[in-house]
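Engineer: Fold the following.
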Amino acid sequence: MPASTIQAFEARCQCRVEQSFYGDNEELLAKLAAGAKGYDLIFPSTFVLPALIGPNKLMQLDKSKLPHSKDILPAFLRVPYDNNNAYHEPFMIGVTLLGYNAEKLKAAGVDPSSWAAIFDPEQLKKIRNKVTVLDSSRELFAAALMYLGKDPNSGTQEDLAAASEVIRKAKPYWAAFNNDSYSRQLANGNIWLAMGNSSDLFQARREVRETKRKFKLEFTAQKEGNEWWMDTVAIMRDAPRPDLAHQFIDFLLEGKTAAAQAKASGGISPVSTAAAFLDPELSQHPVLNPKPQDFAKWTLMRAYNANERRLLSRYWTAIKVH
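Structural biologist: Okay, here's the model as predicted:
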């Protein structure tokens, strides 16, 4: 989140905003389960909303205090986990895809427009130890399922076993499972291909351009399909300042604020009034400003049930240990 956004809200409301960060949704849930207190707002991804709404962790939003919610694009409303938007508002959208060093992959003859680039051992032999994948069981299995032509939301034993086998065969060629530094590794040329999210890769590409590195860093969607994700903003049921929390959400939904967030992060803004404030780097990119037919090929992750989570965890542990 841009410092200017925080500063502007602090000036407007005469308050101080404190931020705390986490590596992924599982860490967020673990912190809250361990009894973390004092948060007004959290920013979970859509697929973990049921784990927060079910145990009554979130406060129902007072829509009369969120006048700018009328500007949210319809495509990003009514997600399956809270389809009346009673507990959340969209914050930022992104896509899980592949980022790559254009010169190195062209020379190696590897096509990044297919998930085969990270799963096919014949492709991987050409770029051995120059590839990273996300250290996220759900996202990596979803990509493997898409590579196999299967539903990325499948949680059946048959499909998860098939995806596990794909991952197991590809793993020896990867340099690492990496959530935290893959974009930096790409930007400095150490890694040539990385599974990551569009906003991280946008920022890495910006760094390569600004530092005038001698290669191009690009990112692209895959022909088999991609996962799209939406980070949301929600108010904790025990929020100390729900009044300020509502004001902050509405501030984030103002066109200029939403555009500043998109520019800083490389995310896709869910706010219609942000479009007028976006620069061409965002508005003309096929991933960051997708056409309806492109967006239709992307899948929003559903929440796994307890049995599916246990099954996935078992396969994941076996992959990581061996």
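Engineer: From now on I want contacts and neighbour counts done on CA atoms only, so please keep to that.
Structural biologist: OK.
Engineer: Torsion angles phi and psi at Ala234?
Structural biologist: With angles defined as degrees, to the nearest 10, Ala234 sits at phi -140, psi 160.
Engineer: now it, which residues is it bridged with?
Structural biologist: Ala234 has these beta-bridge partners by DSSP bridges: Ile42.
Engineer: quick one: contacts for it?
Structural biologist: Leu41, Ile42, Phe43, Pro44, Leu58, Met59, Tyr87, His88, Glu89 (CA atoms under 8 Å, 6 or more residues apart in numbering).
Engineer: Ala245 now?
Structural biologist: Asp40, Leu41, Ile235.
Engineer: Would you agree the last one is in contact with Gly38?
Structural biologist: To tie it back to what came earlier, the one meant is Ile235. No. Counting by CA atoms under 8 Å, Gly38 is not a contact partner of Ile235; they are 11.3 Å apart.
Engineer: what about those two, which has more around it?
Structural biologist: The residue with more neighbours, out of Ile235 and Gly38, is Ile235; 24 against 11, by other CA atoms under 10 Å.
Engineer: any idea how far Asn83 is from Phe91?
Structural biologist: According to CA to CA, to the nearest Å, Asn83 stands 15 Å off from Phe91.
Engineer: quick one: the strands in the stretch 201-322 of the chain?
Structural biologist: 217-220, 226-235, 298-300 (DSSP state E, counting those that start in this stretch).
Engineer: Which one of those strands lies nearest to Ile191?
Structural biologist: Evaluated over those, closeness to Ile191 peaks at strand 217-220, with 10.8 Å, by CA to CA.
Engineer: now what about the closest one, what contacts it?
Structural biologist: Residues contacting strand 217-220 (CA under 8 Å, 6+ apart): 97-102, 112-113, 186-187, 198, 201-202, 204-205, 208, 287.
Engineer: Redo the strands of the stretch 201-322 of the chain as JSON lines? Include mean pLDDT.
Structural biologist: Shown next, in JSON lines, are these (pLDDT from 0 to 100):
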{"stretch": "strand 217-220", "mean pLDDT": "96"}
{"stretch": "strand 226-235", "mean pLDDT": "94"}
{"stretch": "strand 298-300", "mean pLDDT": "91"}
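Engineer: among those, which is nearest Leu124?
Structural biologist: strand 217-220 (17.9 Å).
Engineer: Could you give the separation of that closest one from the chain centroid?
Structural biologist: Mean-position distance between strand 217-220 and its chain equals 16 Å (CA atoms, centre = their mean, to the nearest Å).
Engineer: coming back round to it: so which of the strands of the stretch 201-322 of the chain is nearest Leu66?
Structural biologist: strand 226-235 (12.4 Å).
Engineer: Now find how far off-centre the closest one is within its chain.
Structural biologist: 7 Å.
Engineer: returning to that earlier point: would TSV of the contacts of Ala245 with distance to Ala163 be doable?
Structural biologist: Formatted as TSV, the contacts of Ala245 follow (distance: CA to CA, whole Å):
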residue	distance to Ala163
Asp40	39
Leu41	36
Ile235	36
